[in-house]
Structures are given as structure tokens and as C-alpha cells.
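Student: Any chance you can model this:
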Amino acid sequence: MASVAIAGSGKRARAITVLFQLSGVPVTTDGSGLRDADLIIDAVDDRKALVTIRQLASKAKPGAIIATTRGRDLDGLVDAAARDGAIIGLKLRLSGNRSLVEVVPAATTAPQTVSAVLGLIRKTGIQAVVTRQAGLVGQRMLEACRAAAYDLRKNGVSSKDVKLALASCGVSRQRGISASSKKAVDPALRHRLLLEMAREAVALTSEGIVRQSFDIDLILVHGYGFPPEDGGPVWASGLRRKTG
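Tutor: Residues are numbered from 1 along each chain as shown. Purely as a prediction, here's the structure:
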């Protein structure tokens with residue numbers, strides 16, 4: 001990939017521009033580079049994804065990859081763009097300390113398209129993971145953790161202890177917890193939450209949402225505030241070390 005063009009001018013487009021500039025590849029944002037870009041990123045701040053994809057596809061050169069940061073109907077976008085193999089989805093969670101890009105292939109996205117996009121993102125220094133559906137891993141893992149916390153409350157565990165356990169897993173409005181608070185977390189309660197998250201990780205992997213449980217740990221650490229020193233929920237639960 002020798003050049004990238006960003007379509008869009010809002011806050012999201014600006015953040016994406018800053019990210020891809022870290023790759024060292026030339027990035028254009030004013031529309032002038034659309035016809036020559038190897039990668040065009042749709043970051044337009046409206047809901048007309050199909051219209052935008054058709055417009056970008058009509059301007060892109062043969063072989064150019066079009067990545068969209070909007071919508072989940074990637075297969076519909078592929079049909080709209082009439083570019084089998086060259087449409088891919090991106091879901092970005094960008095923050096100051098840890099950031100994540102989920103790379104989401106459509107059913108017909110070519111393997112070389114996935115490899116090219118992953119390679120470019122890795123040049124930025126940001127963690128990238130391939131998933132089958134954007135945001136699904138984080139959603140289901142957090143839901144599993146919260147469901148386990150609800151069961152603990154029903155069984156008489158104090159709200160304070162459950163909240164500490166949740167925060168120690170990154171499932172809190174306040175990302176992470178202080179060192180002193182972490183010492184106060186009941187290890188048994190935390191382990192209960194981690195086991196539920198690990199079970200959900202097994203399900204996600206078996207369904208093909210991600211390639212391996214290691215990817216789930218990366219998503220939770222870099223995108224959802226799980227403490228990095230613990231390696232991710234699957235690793236922290238001990239499941240991966242038991243199963244290899």
C-alpha cells in the first residue's frame with residue numbers, strides 16, 4: 001500500500017487520519033487522492049453508507065481496497081460497490097493509552113485484502129484483530145461478565161464487592177481500578193467473573209467470530225479496559241494455560 005485516502009471530514013475522519021499518518025504512508029483527506037489511493041477509508045458522518053460506498057467505488061482505481069467504518073451489513077456494501085474481494089470493515093476504538101482496530105472481512109473479502117489492511121494498521125503501532133462481526137466480541141464478553149455479577153448479587157454478595165470485581169475486569173464506567181482498590185477485590189469473586197468470560201470466549205471462538213482465544217484477550221485489553229498486566233480474561237482465568 002503506497003497511499004491512503006480518507007473520505008469524510010468529521011471528528012471520526014480526523015481521528016482516522018491521525019492514526020493512518022502514523023504508518024508513514026501518504027494520507028489525503030480533501031478528495032484529491034481518491035482516484036490514486038490503494039486504500040480508501042469511508043469515514044463519512046451520515047447514515048447513507050450504501051450511497052457513499054457506490055460513490056467511492058466509482059472513483060477508485062481498479063484493485064483499490066475500500067474500507068468502511070460504518071454499518072454491519074458488509075455483504076450489502078459489497079453488492080452496492082460491485083467490488084468482490086476488495087471491501088472490508090473497520091471498527092476503531094481509539095484512546096490515549098490503548099487502542100484497537102477490529103478488521104472485519106465480508107464473506108467475499110479476499111485474504112490478500114485482509115493481509116494488506118492488517119499490515120498497514122500494524123505499521124501505525126495500533127493493535128489490530130480480525131473479527132467476523134464488529135463489536136460483537138466486546139459486547140458478549142461484557143454481557144457474560146455482568147450476568148455472572150448479577151448471579152453473585154442474587155446469591156447475597158454485597159454490591160460493593162461485586163462492583164470491585166467488575167472494575168478489576170475492566171467492566172466499569174471508570175476504566176481500571178487503583179492499586180489499593182485492586183488489593184481489596186475478593187479473588188474468588190473475580191475468578192467467577194473471569195470463568196464466565198472465558199466460557200463465552202470459547203463460544204465465540206467455536207462460532208468462528210475470532211480465530212483464536214488470544215484475539216479475544218487482545219480485544220478486551222486494548223479496546224475495553226481489561227488490565228493489561230493480567231493478559232486478558234482468558235489468560236487470567238487460566239483456561240488457555242490448561243487447554244493450550
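Student: Need the contact partners of the helix or strand in which residue 218 is found.
Tutor: Following DSSP states H and E, one finds residue 218 within helix 213-224. Helix 213-224 has contacts (C-beta atoms under 8 Å, 6 or more residues apart in numbering) with 93, 98-100, 102, 127, 129-131, 137-138, 141-142, 170, 197-198, 201-202, 204-205, 210, 226-228, 231-235, 239-240. From N, CA and C alone the C-beta is placed, and that goes for glycine too.
Student: Helices of the chain, start to end?
Tutor: 11-21, 49-59, 74-81, 111-123, 136-154, 159-168, 179-183, 187-206, 213-224, 233-237, 239-243 (DSSP state H).
Student: winner for burial among those?
Tutor: Sort the helices of the chain by mean neighbour count, taking mean count of other C-beta atoms under 10 Å, and helix 233-237 sits at the top with a mean of 25.
Student: From the chain's centroid, how far away is the helix holding residue 218?
Tutor: 8 Å (C-alpha atoms, centre = their mean, to the nearest Å).
Student: Find the residue closest to the residue nearest the centre of the chain in space, skipping its chain neighbours.
Tutor: In the chain, the centroid-proximal residue (C-alpha atoms, centre = their mean) is residue 102; its distance is 3.3 Å. What sits nearest to residue 102 in space, not counting adjacent residues and going by C-beta to C-beta, 6 or more residues apart in numbering, is residue 91, at 4.2 Å.
Student: ok, now which ones touch the one you found?
Tutor: Contacts for residue 91 (C-beta under 8 Å, 6+ apart) come out as 69, 101, 102, 104, 134, 135.
Student: Put the buried members of these into a PyMOL selection.
Tutor: Buried residues among those (16 or more other C-beta atoms under 10 Å), as a PyMOL selection:
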select buried, resi 69+101+102+104+134
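Student: ok, so of the contacts of residue 91, who is nearest residue 121?
Tutor: If you rank the contacts of residue 91 by distance to residue 121 using C-beta to C-beta, residue 101 comes first, at 5.2 Å.
Student: what sits against the residue lying farthest from the centre of the chain?
Tutor: Distance from the centre of the chain peaks at residue 156, with 35.0 Å (C-alpha atoms, centre = their mean). By C-beta under 8 Å, 6+ apart, residue 156 lies in contact with nothing.
Student: Break this structure into its domains for me.
Tutor: The chain breaks down into these domains under automatic domain parsing: 4-130, 136-243.
Student: Reformat those domains into JSON lines and put mean pLDDT next to each item.
Tutor: Converted to JSON lines, these look like this (pLDDT from 0 to 100):
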{"stretch": "domain 4-130", "mean pLDDT": "85"}
{"stretch": "domain 136-243", "mean pLDDT": "85"}
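Student: before we move on, back to that, turn the contacts of residue 91 into JSON lines, columns for distance to residue 6.
Tutor: Shown next, in JSON lines, are the contacts of residue 91 (distance: C-beta to C-beta, whole Å):
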{"residue": "69", "distance to residue 6": "10"}
{"residue": "101", "distance to residue 6": "14"}
{"residue": "102", "distance to residue 6": "18"}
{"residue": "104", "distance to residue 6": "18"}
{"residue": "134", "distance to residue 6": "19"}
{"residue": "135", "distance to residue 6": "21"}
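Student: of the contacts of residue 91, closest to residue 111?
Tutor: Closest approach between those and residue 111, by C-beta to C-beta: residue 104, at 14.1 Å.
Student: Nothing else from me, thank you.
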